[in-house]
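Visitor: with the sequence up front, the predicted model follows.
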Amino acid sequence: MTSGTFDDRIILITGAGSGIGRAMAIAFAKAGARVVCCDISEERAGRTAADIGDGATAVTADIGDEGSVTALTEAAIGAYGRIDVLCNNAGIMDNMALPADISVEQWERVLRINLTGTFLVTHAVLPHMLSQGRGAIVNTASEAGIRGGAAGAAYTASKHGVVGLTRSVAWAYAKDGIRCNAILPGPTMTNIAEGAAFDPTGAARLRPVLALGEQLAQPEQMAEAALFLASEAASFINGAIVPVDGGWSAA
């Protein structure tokens, strides 16, 4: 995306401290935007904002907590006066457990962050976009949002939910100047599985499907797809669920 594409636009990105979210923050900034870098880690959010420099603000928030999301939105509006683009990118992985084996605790945690968190931030930002009469939302779903065998039960259900939420928001607000699309990353070089101890039964069952997507993408490739969907070049694209997976979903 060329420099200047997002001049004077305000972008809120969750999970901006690392991986795809960090790549998004840097890419939007290079395209001229001012970026609110949100992450649950104060250190990581601050590092991304510092690396961008002028035009970036770091905010620490837990997107699975409504009060924290309210504070995040207020901080973004307080800093820049509006939010033009929301990238719901923050998410966590499960341990690949199958439906009979996953704990209720893990199920609820993954759904709280990946799906409820995406909803909470969207819910908080939408009134501001509606008052502006425009806005673009780009959700980070996953290849697991269109497959049953690309992750464990919780992650798969959460990302299917993000796909459904994306389409619902797109349909509901198309006449209000608000677009909502989602990217579906295939295997990408990020730290989302950092420290994870995978369930051996689930990992073994899922391995044949996962092997189809062995080629790893770079976070910057996901960021470029998000920039396109948020840009005026995609002004008539709404409710799209876009695999960014090197052809994995075509298999």
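Guide: Perfect, thanks for sending it.
Visitor: quick check: end-to-end length of stretch 235-251?
Guide: 29 Å (C-alpha to C-alpha, to the nearest Å).
Visitor: whoops, I mixed them up, stretch 33-49
Guide: In stretch 33-49, first residue to last residue: 13 Å (C-alpha to C-alpha).
Visitor: now that stretch: average pLDDT?
Guide: Within the predicted structure, the mean pLDDT of stretch 33-49 is 98.
Visitor: so which bits of it are buried?
Guide: Within stretch 33-49, the residues that qualify as buried by neighbour count (16 or more other C-beta atoms under 10 Å) are 33-40, 44-49. Every residue, glycine included, has its C-beta placed from N, CA and C.
Visitor: again, but for stretch 112-121
Guide: Going by 16+ other C-beta under 10 Å, stretch 112-121 has these buried residues: 112-121.
Visitor: tell me the first helix or strand C-terminal of the lowest-mean-pLDDT helix or strand in the chain.
Guide: Sorting the helices and strands of the chain by mean pLDDT, DSSP states H and E puts helix 200-210 at the bottom, at a mean of 68. Downstream of helix 200-210, the first helix or strand assigned by DSSP states H and E is helix 219-230.
Visitor: packing partners of that following helix?
Guide: Helix 219-230 is packed against helix 19-30, strand 85-88, strand 135-140, strand 178-185, strand 241-244, with contacts defined by 3 or more C-beta pairs under 8 Å, 6 or more residues apart in numbering; DSSP states H and E.
Visitor: report the distance from that helix to the chain centre.
Guide: In terms of C-alpha atoms, centre = their mean, to the nearest Å, the centre of helix 219-230 is set 11 Å apart from its chain centre.
Visitor: dump that helix to PDB, restricted to CA.
Guide: What follows is helix 219-230, C-alpha atoms only, in PDB (Å, rounded to 0.1, in the frame of the first residue of the first chain):
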ATOM      1  CA  PRO A 219       3.000 -11.100   9.200                       C
ATOM      2  CA  GLU A 220       3.500  -8.300   6.700                       C
ATOM      3  CA  GLN A 221       1.600 -10.300   4.100                       C
ATOM      4  CA  MET A 222      -1.400 -10.400   6.400                       C
ATOM      5  CA  ALA A 223      -1.000  -6.600   7.100                       C
ATOM      6  CA  GLU A 224      -1.100  -5.800   3.400                       C
ATOM      7  CA  ALA A 225      -4.400  -7.700   3.000                       C
ATOM      8  CA  ALA A 226      -5.800  -5.700   5.900                       C
ATOM      9  CA  LEU A 227      -4.700  -2.400   4.500                       C
ATOM     10  CA  PHE A 228      -6.400  -3.200   1.200                       C
ATOM     11  CA  LEU A 229      -9.700  -4.100   2.800                       C
ATOM     12  CA  ALA A 230      -9.600  -0.900   4.900                       C
END
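Visitor: list the contacts for Y173?
Guide: Contacts here follow C-beta atoms under 8 Å, 6 or more residues apart in numbering; on that basis Y173 touches 126, 129-130, 180.
Visitor: verify the contact between L12 and C38 for me.
Guide: Yes - the pair L12 / C38 is scored as a contact, 6.6 Å apart, by C-beta atoms under 8 Å.
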